[in-house]
Each structure stands twice: as C-alpha cells, then as structure tokens.
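Trainee: structure of the sequence below:
(one chain, ligands or ions: 2)
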Amino acid sequence: MKLSGKVAVVTGAAQGLGRGFTEAMLQQGAKVALLDIKVLDGRKTTKELASQHGQDKVLFLPCDVTDKGQMESAFQQVLRHFGQLDVVVNNAGVSEHGNWEMVLDVNLRSVIHGTLLGLDHMSREKGGAGGLIINIASMAGLLPMFHGPVYAATKHGVVGLSRSYGTPFHFALTGVRVCAMCPTMADTPIQPPRVASTPEEQLKADAHWAYVDNQGGLLQVSEVVDGFLQLVADDSKNGAVMRITKQKGVDYQPYGGGGQGVPYASRNTRSKL
Ligand SMILES: NC(=O)C1=CN([C@@H]2O[C@H](COP(=O)(O)OP(=O)(O)OC[C@H]3O[C@@H](n4cnc5c(N)ncnc54)[C@H](O)[C@@H]3O)[C@@H](O)[C@H]2O)C=CC1
Ligand SMILES: CCCCCC(=O)CC\C=C/C=C/C=C/[C@@H](O)[C@@H](O)CCCC(=O)O
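Mentor: Ligands and ions are numbered 1, 2, ... in the order given. The predicted model follows:
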C-alpha cells in the first residue's frame, strides 16, 4: 500500500512504537488519528506532529481501547473527520503486572475489537474500499515468556487472530490485509526499570535485563518502524507474521502447510462487533 493520501488509525500512539508508526506514516503522506488513554501525552505528541506535518494531517482522540463505546465512537469520528479509513494499527498494549484481566483486555480483547472495527469500516463486502490492519504482537507471541505468561498468551492470541483474518477466505470477502508484528525488546517506556522496588521485582528485572543484554540490547524504535513500513508496502503479505530481532533483523515466521486456514464449522463463523 502506498500511504500518500491514506487515512490511518493508531492505538497507543502517544508514545513508544505507536508514535513511531504514526510519524512514519505522516512522513509518507498519510493522515493519522492518534488514539490513546494518556490524554496529556496524546495531545502533546499530536501538537508536535501537527507542527511538523500540518494540523490537517493529525487528529488526537482520547480513547481507552478497552471501552467498546469509546472505540466505536473514535472510529466514527475518524470517518467524519477524514472521510475515509485505510489502515488500522492495533498497537496499544501493556506489560505483565498484577491485574491479568487488564492485560488480557488491553492486549487481546481490544485488538480483536479494533480488528473487527477496522473490517467493519474497510471491508469491501460492507461497501468499503479494502485496506490494511497491522496488529502489534510480540516475539512473546511466538515464544514462552516465563515472567510474562499472560502477556505471552495475549500476544499468541494476536498472532492467531491476525493469521486467521489474514487468510485468502477473508481477503476474498474484505479486500483487507491483516498481519501481525512480533518485535523483540525495544527501547520504549514499556521496559521495566533496571532497579526495581521490591526484591521479587528485582529478580524479574535482573532476569529481563540479562536476557536483553545477552540478545544484543534493545531494538531501537526506528528498527521496528522500518519493518512496519516494509509490511505496509508489501501488498503480497496477508496473514504474515513479521519478526524483528537483533539477531536476524526483519524476517517472517515460517509456517508449514495449512496457511490457507481451516474452516471452522459453526452456526456463525463470522464474528460480529
Ligand atoms: N517495547 C517492546 O519491547 C515491545 C513492545 N511490543 C508491543 O508494542 C506495543 C506498543 O508498546 P510500546 O510502544 O513498547 O509501549 P509504551 O508503553 O511505550 O506505549 C504503549 C501505549 O499504549 C497506550 N495504552 C495502554 N493502555 C491503553 C488503553 N487501555 N487504551 C489506550 N491506550 C492505551 C499507552 O498509554 C501508551 O501510549 C504494545 O502492544 C507492546 O506489547 C511488542 C514487542 C516488544
Ligand atoms: C516486559 C517488557 C514488555 C515486554 C515487551 C516484549 O514484548 C518483549 C519481547 C518478548 C520476548 C522476546 C523474545 C526475543 C527473542 C529473540 O531475541 C530471539 O531469541 C528469538 C529467536 C527465535 C528464532 O530464531 O526462531
């Protein structure tokens, strides 16, 4: 997809990878709606990007992605404001912490909802023009994460969701490509501090940072963004799972047969909003 003139929604765009994806799409001529629960940070980021790219190219919408009503309203505001929708980046996410249901809500349930909203607004079978959905998973979506089992479960779910909606069956109906990105540790505020507040958390932090250091350090946001732009541009990639690691750079998770997907015999195979 060429991004010039296109309209994108990015969740969790106030900082980190989401801000990186947003800036990259603006630089390629897209207009971007930034959704984030952090209102002050979101407004600050949007103001900075507006000064670089033009006020008409950005729109900030305060939005808690776990609130279905806020998400539906945000997508409707994007359509009203920009008149179209071509790209959805379900990026908002949180790392593992005590509240496992919140991790599930943000990292998986909201990504499912954002995917369904994107399909609802872009799918050709619903009068849309087709488009692209990129769901931000993680290498924890492909590997076990002993200090983050719930986090890993959500990211495995994002991979499965993206591969399933990224089958030829759905593309024939929707004209919407759906892919997942699986970066390893990247230099954003999601990273835990090296010095924790409790001995138990310090043990986890030491294990985390020992792994990061052993893997060659953190990815830079720019490295993840480069992969993102490659995925956006490559219209042959549907249902693809992009990996970004320090060892191998950008590559794709290899899968054997079955890439066409398996029909699931149920009364209603198609999820509803
Ligand atoms: N940084 C890393 O090491 C990696 C990050 N990821 C994934 O990349 C995505 C972005 O993460 P980062 O930029 O690193 O983290 P980050 O913490 O810097 O940014 C996450 C953004 O999501 C927003 N957010 C969180 N909960 C929200 C909610 N309920 N509603 C709306 N916005 C919400 C935050 O306010 C923040 O702006 C996440 O899905 C994360 O799991 C994947 C692999 C590696
Ligand atoms: C706790 C902070 C938030 C977590 C953010 C993440 O999602 C971090 C990424 C999670 C796991 C990373 C695994 C990294 C694996 C690679 O470094 C490499 O070891 C994998 C090689 C796989 C292969 O070659 O098949």
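Trainee: give me the residue from the stretch 151-273 of the chain nearest ligand 2.
Mentor: Closest residue of the stretch 151-273 of the chain to ligand 2, CB to the nearest ligand atom: Thr184 (3.7 Å). The C-beta positions use only the backbone N, C-alpha and C, and glycine is treated the same way.
Trainee: so how many other residues sit close to that residue?
Mentor: 22 (other CB atoms under 10 Å).
Trainee: in terms of contact, does it touch Gln220 like I think?
Mentor: No: with contacts counted by CB atoms under 8 Å, Thr184 stays clear of Gln220, the gap being 11.8 Å.
Trainee: shaky segments in the stretch 101-250 of the chain?
Mentor: For the stretch 101-250 of the chain, applying pLDDT under 70 flags no range at all.
Trainee: try 90
Mentor: Along the stretch 101-250 of the chain, segments meeting pLDDT under 90 span 146-147.
Trainee: residues of it that sit close to ligand 1?
Mentor: 106, 136, 138, 183, 185-186, 188-190 (CB under 6 Å from any ligand atom).
Trainee: repeat the analysis, applying 8 Å as the threshold.
Mentor: When proximity is defined by CB under 8 Å from any ligand atom, the stretch 101-250 of the chain lies next to ligand 1 at 105-107, 110, 136-140, 151, 155, 181-191, 218-219, 221, 224.
Trainee: just the helices from the stretch 101-250 of the chain, written as ranges.
Mentor: Under the criterion DSSP state H, counting those that start in this stretch, helices of the stretch 101-250 of the chain are mapped to 110-122, 149-165, 168-174, 199-214, 221-233.
Trainee: just put those in CSV and tack on mean neighbour count.
Mentor: Listed next are these as CSV, based on neighbours: other CB atoms under 10 Å:
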stretch, mean neighbour count
helix 110-122, 22
helix 149-165, 21
helix 168-174, 16
helix 199-214, 13
helix 221-233, 19
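Trainee: turn these into TSV, columns for distance to Gln27.
Mentor: Listed next are those as TSV, based on distance: least, CB to CB, whole Å:
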stretch	distance to Gln27
helix 110-122	22
helix 149-165	25
helix 168-174	28
helix 199-214	29
helix 221-233	9
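Trainee: do you know which of the ones you listed lies nearest Gly5?
Mentor: With CB to CB as the measure, helix 221-233 is the member of the helices of the stretch 101-250 of the chain nearest Gly5 (13.7 Å).
Trainee: what packs against the closest one?
Mentor: If you count contacts as 3 or more CB pairs under 8 Å, 6 or more residues apart in numbering; DSSP states H and E, helix 221-233 packs onto helix 16-27, strand 131-136, strand 176-183, strand 241-245, strand 249-252.
Trainee: so for the shortest one, what gets flagged as buried?
Mentor: Right, strand 249-252. By neighbour count on 16 or more other CB atoms under 10 Å, the buried set for strand 249-252 is Val250.
Trainee: same question, stretch 33-51
Mentor: 33-37, 41-42, 45-46, 49-50.
Trainee: out of those, what pair is the most spread apart?
Mentor: Ile37 and Ala50, at 20.2 Å, using CB to CB across the buried residues of stretch 33-51.
Trainee: now the closest residue to Phe171 other than its chain neighbours: phi and psi?
Mentor: Taking CB to CB, 6 or more residues apart in numbering, and ignoring the residues beside it in sequence, Phe171 has Asn238 as its nearest neighbour in space, at 5.5 Å. Recorded main-chain torsions at Asn238 are phi -140, psi 130, according to degrees, to the nearest 10.
Trainee: and stretch 178-190, C-alpha only, in PDB?
Mentor: Provided in PDB are the C-alpha atoms of stretch 178-190 (Å, rounded to 0.1, in the frame of the first residue of the first chain):
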ATOM      1  CA  VAL A 178      -4.300  -8.500   8.200                       C
ATOM      2  CA  CYS A 179      -0.800  -9.100   9.600                       C
ATOM      3  CA  ALA A 180       1.000  -9.300  12.900                       C
ATOM      4  CA  MET A 181       4.300  -7.800  14.000                       C
ATOM      5  CA  CYS A 182       6.500  -9.600  16.500                       C
ATOM      6  CA  PRO A 183       9.300  -7.400  17.700                       C
ATOM      7  CA  THR A 184      11.700  -8.400  20.500                       C
ATOM      8  CA  MET A 185      12.500  -6.000  23.300                       C
ATOM      9  CA  ALA A 186      12.500  -2.400  22.100                       C
ATOM     10  CA  ASP A 187      13.600   0.800  23.700                       C
ATOM     11  CA  THR A 188      10.300   2.300  24.900                       C
ATOM     12  CA  PRO A 189       8.700   3.200  28.200                       C
ATOM     13  CA  ILE A 190       7.200  -0.300  28.400                       C
END
